[in-house]
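Colleague: I need the structure of the sequence given here:
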Amino acid sequence: MSFTGKATFSAGNTLPEIAEDISDIVSIVSPYETALLDYLGDSNLVATSTVHEWLEDNLQPNQTSLINAVDEQADEIQVQDSSLFKTGDLIRFEGYSEIMQVNAASVAQEISVTRGYGGSSNEEIVAATKIYRISGAAYEGENAPKAIFTNRKRCMNYTQIFTSAIEVSGSMLATKQVGVADELDYQKQERLRELLRDLENSVINGMSPSLNQQGSHTTRRTMRGLIPSITSNITDASSSELTEEALNEALRSIWEQSAGHVDTIVVNGYQKRKINNIISGNRSYSATDNKYSDLVDIYESDFGVCRVVLSRWVPRDKILLLDSSRVSVVPLNGRSFHYKPLASAGDSESGQLIGEYTLEFRNENAHGLIENLDVS
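Modeller: You can find the predicted model right below:
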């Protein structure tokens, strides 16, 4: 016998006495995580001007390169920078065993040398070979040499204002919401997530305007991000696939010419899978294993132990190699993200989320970038 009484299906979904079944959770699908900002953490520094500056210095360089080839008998050789050398210095050439001693370095881009120092054999050396200064050697009791020094340089970046407006009607504030205790607070939370997302994107990809970088009534002030800041250690992958050899070679190149210690690799999802695949062919399992792991969080090479950070905002064809101790995301003093109430023009609550930040990126040659990787 069929049921003939009142049932929930009697009036479709229009029964007024049946409460709506809505989960008390508002689900967000848009990506908003900020993995790089989380990894770097809050800066101990604050900027005190919209033009944020810091000082950098270098040791005296100890390498240059040949201009022209050198035969076995030549004792005058042309170099890119003769100011590196002084009388008595020992020098060597990359890929060669001959040691030479510098007799004089008074002529621009030319030094006079003694060949085959210490019994080493004279060699023909090709053009553009790297020259390394081994050391100087003073006579016993010799007077002090001429003082040498380096000039510190001032580097800079500009602060960028991140802002979003919020306005909620009085009726919306008074209405009972599903999953939202206070609509104004909820809107603050949502807009802040968006601004933090934009901040990380700017830290990675941001670019300063070519003119009026300090900003004006017609030019918005924007910070220079990591990728545009790196100019020294750029590896062009020429559309080839990322390999462990290529990654290790890029780290070696940074290590050879910098005191920086690369400890962070920042990638997007595509290149993260390539890094994970480095270990795929070297993995073994026993008969009792029932879990498959294909994840690389830390890459350890001869040139550093690196945390692999997955960020959505790194372009697919690029990998950032960073010394995180030289990277800071710095707020302008008193201008960390905060909510500023605004006067309402009517039946609503109005306000503005605002923050002003810049990137302090010290010693750009302590970092590196691999670009033009295969993404097909």
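Colleague: C-alpha from now on. contacts and neighbour counts both.
Modeller: OK.
Colleague: roughly how far apart are residue 98 and residue 343?
Modeller: Using C-alpha to C-alpha, to the nearest Å, residue 98 is found at 78 Å from residue 343.
Colleague: which residue ranges form the strands in the stretch 51-200 of the chain?
Modeller: 51-56, 63-65, 76-78, 90-93, 99-107, 110-114, 130-135, 153-158, 160-169 (DSSP state E, counting those that start in this stretch).
Colleague: Export those strands as CSV, with columns for distance to residue 348, mean neighbour count and mean pLDDT.
Modeller: Converted to CSV, the strands of the stretch 51-200 of the chain look like this (distance: least, C-alpha to C-alpha, whole Å; neighbours: other C-alpha atoms under 10 Å; pLDDT from 0 to 100):
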stretch, distance to residue 348, mean neighbour count, mean pLDDT
strand 51-56, 37, 14, 93
strand 63-65, 67, 18, 92
strand 76-78, 76, 18, 94
strand 90-93, 75, 20, 96
strand 99-107, 77, 19, 89
strand 110-114, 77, 20, 94
strand 130-135, 70, 17, 94
strand 153-158, 35, 16, 94
strand 160-169, 4, 18, 94
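Colleague: Arrange those in JSON lines, one row each, with distance to residue 355 as further columns.
Modeller: JSON lines is the format used below for the strands of the stretch 51-200 of the chain (distance: least, C-alpha to C-alpha, whole Å):
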{"stretch": "strand 51-56", "distance to residue 355": "15"}
{"stretch": "strand 63-65", "distance to residue 355": "45"}
{"stretch": "strand 76-78", "distance to residue 355": "54"}
{"stretch": "strand 90-93", "distance to residue 355": "53"}
{"stretch": "strand 99-107", "distance to residue 355": "54"}
{"stretch": "strand 110-114", "distance to residue 355": "54"}
{"stretch": "strand 130-135", "distance to residue 355": "48"}
{"stretch": "strand 153-158", "distance to residue 355": "14"}
{"stretch": "strand 160-169", "distance to residue 355": "5"}
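Colleague: so who does residue 161 touch?
Modeller: 221, 222, 354, 355, 356, 357 (C-alpha atoms under 8 Å, 6 or more residues apart in numbering).
Colleague: So for residue 98 and residue 343, which residue has more residues nearby?
Modeller: Legend: neighbour count by other C-alpha atoms under 10 Å for residue 98 and residue 343, higher for residue 98 (20 against 10).
Colleague: Does that one touch residue 116 like I think?
Modeller: Yes: using C-alpha atoms under 8 Å, residue 98 makes contact with residue 116 at a distance of 5.8 Å.
Colleague: Any idea which of the strands of the stretch 51-200 of the chain gets closest to residue 213?
Modeller: Taking C-alpha to C-alpha, strand 153-158 is the member of those nearest to residue 213, at 7.4 Å.
Colleague: so what does the longest strand along the chain touch, helix or strand wise?
Modeller: Determined from DSSP state E, the single longest strand within the chain is strand 348-361. Packing contacts for strand 348-361, counted by 3 or more C-alpha pairs under 8 Å, 6 or more residues apart in numbering; DSSP states H and E, involve strand 51-56, strand 153-158, strand 160-169, helix 183-205, strand 327-331, strand 338-342.
Colleague: Apply 10 Å and report the result again.
Modeller: Where contact means 3 or more C-alpha pairs under 10 Å, 6 or more residues apart in numbering; DSSP states H and E, strand 348-361 is packed against strand 51-56, strand 153-158, strand 160-169, helix 170-174, helix 183-205, helix 226-229, strand 327-331, strand 338-342.
Colleague: want to throw the ones you listed into TSV with distance to residue 135?
Modeller: What follows is these, written out as TSV (distance: least, C-alpha to C-alpha, whole Å):
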stretch	distance to residue 135
strand 51-56	25
strand 153-158	26
strand 160-169	46
helix 170-174	75
helix 183-205	40
helix 226-229	33
strand 327-331	33
strand 338-342	55
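Colleague: nearest to residue 40, of these?
Modeller: Among those, strand 327-331 sits nearest to residue 40 (C-alpha to C-alpha), with 7.1 Å.
Colleague: With that, I have no additional questions.
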